[in-house]
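S.K.: Sequence first, predicted model second:
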Amino acid sequence: MNSTELNSKRNNYVAVIGLEVHAQLATQTKAWCHCEVTAHALENTKVCEVCSAQPGTLPVLNKKVVEFASKMAMATHCKINDLSFFDRKNYFYPDLPKGYQISQFETPLAQDGYVEITNANGELKKIRIERIQIEEDTGKSTHEGEMSLINLNRAGTPLIEIVGKPDIETAEEASSYLKQLHSILTYLGVCHGNLQEGNFRCDVNVSIHKKGTNVWGTRTETKNLNSFKHVEKAIENEIERQVEILESGEKVIQQTLGFDPETLKVKVLRTKSDAHDYRYFPEPDLIPLVITEQEKTKWMNELPELPKVKQERFVQDYSLPVYDAEVLTADKNLAHYFEQVVKNYKGEPKKASNWIMVELLRLLNEFNIDVQKSPVSDFELAELLNAVFEGKISGKQAKDVFIKMFDEKKGALEVIKELGLVQISDTSALKELAEKLVAAHPTQTEQYLSGKDRLFGFFVGLVMKETKGQANPQVANDVMLEVLNKLKK
Amino acid sequence: MKSIYEAHLALKNKKMSALELLESCLSNRSEKNNAFISVTEDRAKSEAIKADEKIARGEWTSYLQGIPYSLKDLFVTEGLRTTAASKILYNYIPPYEGFVASAFKNAGAVLVGKVSLDEFGMGSTNENSAFGPVLNPLNATRVPGGSSGGSAASIAEGSSLVSMGTDTGGSSRLPANFCGIVGFKPSYGRVSRFGQIAYASSLDQASPMGNSVLDIGIVMEHLSKKDPHDASQVNLGQMKIVEDLLKIDGEYFKGKKIGLCMELIDGCKEDVKKALLQALDLMKNNGATIVNIELPHLKYSVSSYYIIATCEASANLSRYDGIHYGYRKSHNGQLEDTYKESRSLGFGEEVKKRILLGTYSLSSGYYDAYYSKACKVRRLIAQDFNHAFLNCDVIFSPVCASTAFELGEGPKDPVQMYMNDLYTIPANLAGLPALALPFGNGADQMPTGFQLIGKQFGDEALLKLGRSFEVLTGKKF
C-alpha cells in the first residue's frame, strides 16, 4: 500500500488511545529507605540494605511520597481514597532485587480525575484519569556484549503511575495530554520532569476501529516512551501498522511493542500468550495508607496556581492572546520569567511576550538551556525593552544587543554602551547637524526646494549616516523637515 | 545455674565472671546435638571480657550484661554469616545489623553463636536444615522440634542461657515444648522484624526462648523498643515488666478466668492430656475459674495457614535468585537458567514445596479460591478469639498432641506433620501473644507442657500469669 492509499484508508478508521504515565517523584530520598534519589552518582553508591533487598530488610514508606502523589491527584481532580493499600507485583528480573515491585493494585491512592486539553478544533476536551497509584522504580540494566551490569541507584525511587482512560483519538491529543500532565507535575514541584533522565515515561495503548462502528479493536501496548515526539511517532506508526493489518484482511493481535528511536518505528516485544502472571497480593510489610482530612486540607492549601488557571489569568491581566498565554504558562519557570519582565518593563506586556517567545526561546532551545539558567536575566531583558520603549535604542539595535547579552552574559546597558548604541533624540543637536548637512549640499537643496520632494529621504539618510545610525529616526525626520521648510519660505 | 536472673546475681555478687560463665556454656555445647551453625567463640570471649571490665567498674546496663545467648540463624548479624540454614545463603555475610542482634549487643549480652533451624523457618522438627538435623539434648533419638530447634537445643544443653527464635506457626513454642523450656511468641507487631529473614511476613514474630518466664520478661524489655525500620510494628512503648514479675506470686491466679476448649485437649495423647489437666487443676486450686469457650473456625486454621504462609513465602524468597548474593549456579550464563539452577539446587525440598504451593495459590484464576478465602478464614478465627475473650482473660491450649517426635518421622507423612501445627497456628493467624510453658513429663519421660494465649497486645498480662504459674511450680527465679 503506498502512502496516499494508506492515508485515504486511514481516514476510514478511528483510533482509541490510552496512556499510562510513570512519573518519578522529586523526593530527596527513596520510597522505602533513606538513600538519596539522584541520577548523577557513581553506579551503586546510592544503595543500602533495604533498596538492595538484603535478607531481613523491610520497607518504610517515605511520607513525602504520599504528599507529592496526593498533590498530583488533587491537581488532576482525582478523588483520594482515605484508605489505600500496597500490593506486591511479582516477577523476576535482575534490576528488581526483591523479585517483586511494591505497587498499588486493588485500591490505589486516588481515582476518577481528569485534565483538560485543547483539541484540533480549538475546543476544550476532558481526558479522564482512571487512577493514580504509588509504586517504586527498578534499578537499571546495561548490556555490554556478553555481560549485563546492574546499577541499583534508581531502585526504590518513588513513582506514580497515572492511568488515563482511552479518551484520546490522535497523536496530537496524546501529546497535549502528556504536556499538560508534565506541566502540572513540574508546577507542583513533585517531579523534576527531565525526560532524558526518564523522570517522565509513558506506555501507549492503541486500537483502531472503522468509523461508524462502536466495537473497539484489539489493542497493543507500546512500552516506555520518554519523549513527546516519540509518543506522537509511535502512535502514528502504530495506527498505520494496524490499518495495514486490517486492510489486508488480517487481525490485530494483543501485543507488547517497543519503540525504536533510531528508526522511529515500533517493534513487537512479546505477545499476550507469554504475558506475565504478576500474582499480585497485599504487601504484608506495609500498613494500609491512611490519609486524613487534615492532611488533604493542608496539601490543598499548599497547591500553587496551576497551568490552566495561570493561562487564563495571563489572558485577563496582560491582555495576551490565548496562544501566548499557553506557551508562556507551559513551563512554570517561563511563566515566572515573563511576569518578572512585565513587572519591570514600562511598555505593553504583549511586547515582552513577543520577545520571550521569539528571541529568548529561540536561543534557549538552540543551546538547550533551562529558562532558570538563562544568561539573560528577566531584569536585564526588562532593561533592554525599556531602552527601546524610551527610544534610547531602536528595536533593530535591541536584537543585536540581546544576542551579545546572551553570548557574553552581560547587562543591557553595559552592552548598549559597549556598542556605542545610544540613540540621539536630542532635537537641538540634530537640528544643528541637519542645518550643517543642508548647507553642505546646495545642489540637492535647490532641487528639493524646486519641488523634488523625494530628495527628503536623501537628507534624512545623511543624518543617519553622519550619526552612524544612532539618531532617533523619528526625531531626525521631524528636524530635517523643519530645517528644509524654513528654507522654502 | 540455668536462668538469666540467677546468672545475673552470680555476676553481681562476683561469684563468677562473665568469661567463666561463657566457658561453662561453651563446655556444655555438644557437637552431637548439632544445635549450632556457627559458634562465635572468639567474639564471645571478647564480649565476655568487655562485660567483665564493665562489671569491675561497677557499670551495669541491664540484666543481660555478660549473659551468653544464641540467635536463630534467621537473625541478621552484621559481618557474621547468616544462613537461614539454607544452601542458598551458605556464604552470606550481612552488611547490616538487624534489630534483635543490636538489641542484645546494646544490652551487653554475649553471643555464643548462630543456631540451627528448619530452612527459612519451614518445618517442625529441625530436620529441614542444610546443616543436618538437630538432636534433642534430652534424648538423642528425638527431634528438638522446629523450626527454632537449634535455639531450644542450645538452652536445653546449657550452651546458652537464652536464645532468640522466631514463631510463624509455632516455631518457638513447639521446640520449647519438646525441650522442656519456655517459649514466648509476642503479639504480632510487638517486636520489630527488621533483620529477621522473612518466611511469612504477616505471621512471623521474633520469639524469645529461655529457662523461665522471668527471663523472657528480661529479654522482652529490650525487644519491645520501637524500631523505625519496621512499619508493621505497633508503637506501644518499651515494656517495663521485670520488677513487676519479681513481685508476682501464686496469688496472681486468684479471680482469673481461664478459657478452655475441651475438644483441643481431647485430641491429645493420654500422657500429654494428663499433664494438661494437672496444670489446669493447679490454676484452679489457686483461685482461677475455668470457662468453657468455643472456637468454631479453628479446624480451618491449618489449611488457611499453609496457604497464607506459602503465598507470602513465595514472594519473600524471590530475592534469592543467584544474582545479587548467595549461591549461584549457572552452566551457560543465561539469565533464566541461572535462576532455575540456583534456586533448584540452593533451596531444600521443603522450601521448594512451599514456594510452589504459594506460587500456585496466587496464580491468576486461583487467587480467590485459595489466598482470598484463606484470608477470610483468618479473619473469622480472629473473631472467634475476640468472642472468647469476652468471657475469659486467657486461653489454655496444648502445644502439641504428643511429646517430641522420633527423628525421621516427619518425612514419612508430611501432611500429618502439618496437622501437628493445629494448636500453635491460631495464635499466629490472629496475631495474639502465646506463651508455651513446660509442665510435667510424658510416658516416655520427655517434657510435656501447655500454652496460654493472651489478648492482642496483652503481652504483659500474659507473662505475669506465666510467671505466677512458674512460681506455683516451685521455680524461684
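M.R.: The structure has been received and is ready for your questions.
S.K.: middle-most residue in chain B, spatially?
M.R.: residue B:172 (2.3 Å; Cα atoms, centre = their mean).
S.K.: List the contacts of that residue.
M.R.: Counting by Cβ atoms under 8 Å, 6 or more residues apart in numbering or on different chains, residue B:172 touches B:148, B:151, B:165-166, B:183-185, B:207-209, B:436. Every residue, glycine included, has its C-beta placed from N, CA and C.
S.K.: redo that, cut-off 6 Å
M.R.: By Cβ atoms under 6 Å, 6 or more residues apart in numbering or on different chains, the contact set of residue B:172 is B:148, B:165, B:183, B:185, B:207, B:209.
S.K.: what about the first one, distance to residue B:372?
M.R.: What it means is residue B:148. If you measure residue B:148 against residue B:372 using Cβ to Cβ, to the nearest Å, the figure is 30 Å.
S.K.: ditto for the fourth one
M.R.: Shown here: residue B:185 relative to residue B:372, a distance of 26 Å by Cβ to Cβ.
S.K.: Of the two, which one has the most company?
M.R.: Using other Cβ atoms under 10 Å in any protein chain shown as the criterion, residue B:185 and residue B:372 rank with residue B:185 on top: 36 against 13.
S.K.: Grab the nearest non-local neighbour of that one.
M.R.: Excluding its sequence neighbours, the residue lying closest to residue B:185 (Cβ to Cβ, 6 or more residues apart in numbering or on different chains) is residue B:167, at 3.9 Å.
S.K.: I'd assumed residue B:186 was in contact with the one you found.
M.R.: No: under the contact definition of Cβ atoms under 6 Å, residue B:167 does not touch residue B:186, with a separation of 8.6 Å.
S.K.: Counting neighbours, go ahead and name the busier of those two.
M.R.: Between residue B:167 and residue B:186, counted using other Cβ under 10 Å, the more crowded position is residue B:167 (31 against 28).
S.K.: dump the residue contacts of that one.
M.R.: Residue B:167 sits next to B:185, B:205, B:207 when contact means Cβ under 6 Å, 6+ apart.
S.K.: One more pass at 7 Å, please.
M.R.: Contacts for residue B:167 (Cβ atoms under 7 Å, 6 or more residues apart in numbering or on different chains) come out as B:173, B:185, B:205, B:207, B:428.
S.K.: Now the first one: closest residue in space that isn't a chain neighbour?
M.R.: Using Cβ to Cβ, 6+ apart and skipping residues adjacent in sequence, the residue nearest residue B:173 is residue B:436, 3.7 Å away.
S.K.: Check residue B:266 too.
M.R.: Closest residue to residue B:266 apart from its sequence neighbours, by Cβ to Cβ, 6+ apart: residue B:273 at 7.5 Å.
S.K.: Hmm, the one you found is touching residue B:264, no?
M.R.: No: Residue B:273 is beyond contact range of residue B:264, at 10.2 Å (criterion: Cβ atoms under 7 Å).
S.K.: quick one, which of these two is more surrounded?
M.R.: Using other Cβ under 10 Å as the criterion, residue B:273 and residue B:264 rank with residue B:264 on top: 19 against 16.
S.K.: Helix or strand: which one has that one?
M.R.: Residue B:264 is part of helix B:262-266 when elements are defined by DSSP states H and E.
S.K.: Follow the chain on from that helix and name the next helix or strand.
M.R.: helix B:270-285.
S.K.: Give me the contacts around the helix or strand following that following helix.
M.R.: For helix B:270-285, the following helix or strand on the C-terminal side (DSSP H and E) is strand B:289-292. Residues outside strand B:289-292 that contact it (Cβ under 7 Å, 6+ apart) are B:257-260, B:262, B:280, B:284, B:391-392.
S.K.: now stretch B:188-201
M.R.: Contacts to stretch B:188-201, defined as Cβ under 7 Å, 6+ apart, come from residues A:55-56, A:58, A:284-285, B:74-76, B:84, B:97-101, B:120-122, B:166, B:168, B:204-206, B:223-224, B:227, B:229-230, B:232-234, B:236, B:308-309, B:312-313, B:316, B:431, B:457, B:459.
S.K.: Identify the contacts common to residue B:167 and residue B:186.
M.R.: Residues touching both residue B:167 and residue B:186 (Cβ under 7 Å, 6+ apart): B:205, B:207.
S.K.: mind checking pLDDT for the closest residue to chain A within chain B?
M.R.: Using Cβ to the nearest Cβ, the single residue of chain B nearest to chain A is residue B:318, 2.4 Å away. As predicted, residue B:318 sits at a pLDDT of 98.
S.K.: who's in contact with residue A:30?
M.R.: Neighbouring residues of residue A:30 by Cβ under 7 Å, 6+ apart: A:37, A:51, A:62, A:156-158.
S.K.: Swap in 10 Å and give it another go.
M.R.: Counting by Cβ atoms under 10 Å, 6 or more residues apart in numbering or on different chains, residue A:30 touches A:36-37, A:46-48, A:50-51, A:59, A:62, A:65, A:136-137, A:153-158.
S.K.: Using neighbour counts, trim the residues you listed to the buried set.
M.R.: Among the contacts of residue A:30, those scoring as buried are A:37, A:46-48, A:50-51, A:59, A:62, A:65, A:136-137, A:153-158 (criterion: 16 or more other Cβ atoms under 10 Å in any protein chain shown).
S.K.: can you narrow those residues to ones near chain B?
M.R.: A:48, A:50, A:59 (Cβ under 10 Å from any Cβ of the partner chain).
S.K.: how much space between the first one and residue A:359?
M.R.: Spelled out, it's residue A:48. Distance of residue A:48 to residue A:359, computed by Cβ to Cβ: 48 Å.
S.K.: Just the buried residues of the lowest-mean-pLDDT helix or strand in chain B, please?
M.R.: Scoring the helices and strands of chain B by mean pLDDT, DSSP states H and E places helix B:409-412 at the bottom, with a mean of 74. Going by neighbour count (16+ other Cβ under 10 Å), the buried part of helix B:409-412 is B:409-410.
S.K.: same deal with stretch A:168-186?
M.R.: Neighbour counts over stretch A:168-186 (16+ other Cβ under 10 Å) mark A:168, A:170-171, A:173-186 as buried.
S.K.: And for the closest residue to residue B:408 other than its chain neighbours, the neighbour number?
M.R.: Leaving aside its chain neighbours, residue B:408 sits nearest to residue B:127 (7.6 Å; criterion: Cβ to Cβ, 6+ apart). Neighbours of residue B:127 under the rule other Cβ under 10 Å: 23.
S.K.: residue contacts, residue 91?
M.R.: With no chain named, the answer covers chain A. Counted by Cβ under 10 Å, 6+ apart, residue A:91 has contacts A:99-101, A:276-279, B:318.
S.K.: Sorry, I should have been clearer: chain B.
M.R.: Contacts were defined as Cβ under 10 Å, 6+ apart; by that measure residue B:91 touches B:81, B:83, B:325-328.
S.K.: out of those residues, who has the most neighbours?
M.R.: The residue in those with the most neighbours, by other Cβ under 10 Å, is residue B:83 (26 neighbours).
S.K.: Determine the three-state secondary structure at it.
M.R.: For residue B:83, the secondary-structure state derived from DSSP: H, G, I helix; E, B strand; the rest coil is coil.
S.K.: Once you drop chain neighbours, what's closest to it?
M.R.: Nearest residue to residue B:83, sequence neighbours excluded (Cβ to Cβ, 6+ apart): residue B:89, at 4.7 Å.
S.K.: likewise residue A:283?
M.R.: residue A:86 (4.0 Å).
S.K.: so that neighbour touches residue A:61, yeah?
M.R.: Yes: counting by Cβ atoms under 10 Å, residue A:86 touches residue A:61, with 8.0 Å between them.
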